[in-house]
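Colleague: kindly return the folded structure for what I paste below:
(chains A and B)
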Amino acid sequence: MSTPISTENSTRSWSTLAAVHARWVLRTTWRNGEQLFLLVGIPLAALLAITRTDLLSTSTPPVVITTVMVVLAAGFTSPGISVAFERRYGSFAFLGTTPLPRSAIIAGSLMAIALSAIMALALLSIIAAFLGEIATNDFAVIALTAVLGLAAVVPWAFVLGGTARSETVLVLANAVFVVATLFGGVLVPASSLPYGAALAWLPTGAMVDLATNAGNAGAVSVVVLVAWSGVGATLAVRTFRWR
Amino acid sequence: MPHPLNSFPPDSGANAHNSPRTGENKAFVPGSGKNVAGRKGPALLEADGLTITYPGAVTALDGLDLEVPDSGITCLLGANGAGKTTLLESAAGLIQATSGSLRVLGTDPGSTNNRLQVGVMLQDGGMPGSARPREFLDYVSRLYPKPRDVRSLLDAVEIDPDTRAPMRRLSGGQQRRISWAAAMVGNPRSLLLDEPTASIDPVGRERLYDVLRTERERGVSMIIATHLIEDVESLADYIVVVRNGRVALTGTPEELRPRNTLVVRSAREMDTGALLAALPAGSTCQRTASDSYHVEVPTGIDPAVMATVSSWCGQHSVPPDLSVGDLRTALWSALRGGVQ
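Modeller: Numbers count the residues shown, from 1 in each chain, chains lettered A, B, ... in the order given. Below you'll find the model as predicted:
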């Protein structure tokens, strides 16, 4: 207890603080069993179901399906739930008393989301390679789909997680994942669904269209994803509550 | 043997302190002699007409004026809903003032400087429930340029640094201790602690008092919001009583202790008439709890009065256990707003 008291006036740099926060979010996400199940377990199960069983017959390449599932899990369900619980525990309020600025909390969270998605996709790619399911799609198109898909869904994680009660978010964020992957044109192709044409206007449908160059021309899917991103971000900025 | 609070009606000895004394604190000189740093500079907290109204027109702070010295331990005492938490959270930069001004260490609350130098413990803790204590403190320590050692801090608050239990599985008292450590991990020069002893058992509370005394020895100034008079008696160098969003009373424990009251500890029934006959005219003696009598002497407590009361105790075969003044009475009265 002999440490001299602080007279330190120099704060750590903004980018260091954002990186410290990103590392923290990554650590807590990847240690959480439920989050891992969502990020890697369920997409892996879908991959196996498509490639090794007759349970799901779809013409959509497995790499597209797993990419969209990872984007939804890493970009929406997982951050939505964790943001809601941080708010409930009051940890954002506590962090607001530390040298960590709110902008660095946001930036760090976004970095962690992107890294989580990359890690999950890398892990699934390695497993797919071992299974002999080498992706035949163009890597650049898949990467663009993942980036725009994340941009489209991440703001909505903050809209939901930043306004509703944690228990509500827990149910809704998981329900959205299940409904969107089953009936949003991902696991069951849009062409097999009666409302299939409308799915092109939702993030999941637009991601599948963009990655497979099907349905709408690629440009329209890009516009749809950017529009979801813009509307979501505007709403998130207006409605987000730190606690 | 401390009084149980609920069996302790305020007596007339504290009447002189019932009126607000806001403003008198400007002349406060740290008198504890325990502030090794001896800093001169801006006040730890300076509020001027601070008003905070929540949505729904709930006024939490109502034109509060207060200056808290940047030394020693200041206890902010108030009932539930008095405005303690609102004041501390606005000092931490989490709540904006509706009107009036608030400065912390001479700058705006929540300034970069204050975020570095002021450690905060919030009433609801703010510890993420899914994280383990040490990993969370390790993370928080990385936000500061010169943090303290996490392991020894956890030892100091009696939390096993190697526990693998997530914080939501720990008891309320254990979570509270981790919040203490989190407030101190950045090696701050000042602390704002909101009900730090809530849900901590009496033994743990004593231990934590020692931790705070050690911080005081190091020169850390702090404000502790509490509704426990015990906290005030054990720690306070300076006392602020808040009531209905305003300051009801300020002063050092010495200043607030009624000088003309003598507390006699005795569980035995004693003949007060015999005592009053021997004391100066106008004196009163009341049994204020099952184990104590309050003797009020308008001319003050001098050696002659002490001798008289001692011999009165002797007549009843009661060991003389006398204390001049009773801080508890004054605080109790200020908390209740002088309603008797």
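
Colleague: neighbours around the residue in the stretch 101-250 of chain B that chain A sits nearest to, how many?
Modeller: Residue nearest to chain A within the stretch 101-250 of chain B: B:Gly126 (2.8 Å; Cβ to the nearest Cβ). Yep, even glycine has a C-beta here, placed from its N, CA and C like the rest. Using other Cβ atoms under 10 Å in any protein chain shown, B:Gly126 is surrounded by 23 other residues.

Colleague: leaving out sequence neighbours, find the closest residue to it.
Modeller: Closest residue in space to B:Gly126, ignoring its immediate chain neighbours: A:Phe94 at 2.8 Å, by Cβ to Cβ, 6 or more residues apart in numbering or on different chains.

Colleague: B:Ala225 now?
Modeller: B:Lys84 (3.9 Å).

Colleague: and the one you found, what is it in contact with?
Modeller: Residues counted as contacts of B:Lys84 (Cβ atoms under 8 Å, 6 or more residues apart in numbering or on different chains) are B:76-78, B:194, B:225-227, B:242.

Colleague: can you redo these as TSV with pLDDT?
Modeller: Shown next, in TSV, are those (pLDDT from 0 to 100):
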residue	pLDDT
B:Leu76	96
B:Leu77	95
B:Gly78	92
B:Asp194	96
B:Ala225	96
B:Thr226	94
B:His227	90
B:Val242	94
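
Colleague: is the longest helix along chain A positioned near chain B?
Modeller: Secondary structure of chain A per DSSP state H: the longest helix is helix A:102-130. No: Helix A:102-130 stays clear of chain B (Cβ under 8 Å from any Cβ of the partner chain), getting no nearer than 9.2 Å.

Colleague: after that helix, next one along is what?
Modeller: helix A:139-161 (DSSP states H and E).

Colleague: tell me which residues in that following helix are buried?
Modeller: For helix A:139-161, the neighbour count (16 or more other Cβ atoms under 10 Å in any protein chain shown) marks A:142, A:144-146, A:148-161 as buried.

Colleague: about what we covered before: angle of the longest helix of chain A against helix A:139-161?
Modeller: Using axes from the mean of the first three to the mean of the last three Cα atoms, to 10 degrees, the inter-axis angle of helix A:102-130 relative to helix A:139-161 is 130 degrees.

Colleague: what helices or strands is helix A:102-130 leaning on?
Modeller: helix A:14-31, helix A:42-52, helix A:62-72, helix A:78-89, helix A:139-161 (3 or more Cβ pairs under 8 Å, 6 or more residues apart in numbering or on different chains; DSSP states H and E).

Colleague: starting at the chain centroid, how far to that helix?
Modeller: 8 Å (Cα atoms, centre = their mean, to the nearest Å).

Colleague: could you do stretch A:157-175 as well?
Modeller: Using Cα atoms, centre = their mean, the offset of stretch A:157-175 from its chain centre is 14 Å.

Colleague: what about A:Ala151, distance to A:Ile113?
Modeller: 11 Å (Cβ to Cβ, to the nearest Å).

Colleague: most centrally placed residue in the chain?
Modeller: With no chain named, the answer covers chain A. A:Gly75 (1.3 Å; Cα atoms, centre = their mean).

Colleague: try chain B instead
Modeller: Centre-nearest of chain B using Cα atoms, centre = their mean is B:Cys75, 2.7 Å out.

Colleague: for that one, what are phi and psi?
Modeller: phi -100, psi 130 (degrees, to the nearest 10).

Colleague: and the residue lying closest to it once chain neighbours are set aside, what does it touch?
Modeller: Excluding the flanking residues, the one nearest B:Cys75 by Cβ to Cβ, 6+ apart is B:Ala236, at 4.0 Å. Counting by Cβ under 8 Å, 6+ apart, B:Ala236 touches B:73-75, B:253.

Colleague: hang on, the earlier thing: just put the helices and strands packed on helix A:102-130 in a markdown table and tack on mean pLDDT.
Modeller: Below are these laid out as a markdown table (pLDDT from 0 to 100):
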| stretch | mean pLDDT |
| --- | --- |
| helix A:14-31 | 95 |
| helix A:42-52 | 91 |
| helix A:62-72 | 94 |
| helix A:78-89 | 95 |
| helix A:139-161 | 95 |
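
Colleague: those helices into CSV, with extra columns for distance to B:Glu46?
Modeller: Shown next, in CSV, are the helices and strands packed on helix A:102-130 (distance: least, Cβ to Cβ, whole Å):
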stretch, distance to B:Glu46
helix A:14-31, 29
helix A:42-52, 55
helix A:62-72, 51
helix A:78-89, 31
helix A:139-161, 36
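
Colleague: tell me which of those sits nearest to B:Gly93.
Modeller: helix A:14-31 (16.3 Å; Cβ to Cβ).

Colleague: show me what the helix or strand that the closest one is followed by is in contact with.
Modeller: Note on helix A:14-31: by DSSP H and E, the next helix or strand toward the C-terminus is helix A:33-36. Helix A:33-36 is contacted by residues A:29-30, A:78, A:81-82 when judged by Cβ under 8 Å, 6+ apart.

Colleague: which among these gets closest to chain B?
Modeller: Among the contacts of helix A:33-36, and counting by Cβ to the nearest Cβ, the member closest to chain B is A:Ser82, at 8.4 Å.

Colleague: OK, contacts around the closest residue to A:Pro62 other than its chain neighbours?
Modeller: Nearest in space to A:Pro62, with sequence neighbours left out and distances taken as Cβ to Cβ, 6+ apart, is A:Ile50 at 4.8 Å. For A:Ile50, the contact set (Cβ under 8 Å, 6+ apart) comprises A:56, A:58, A:62, A:65.
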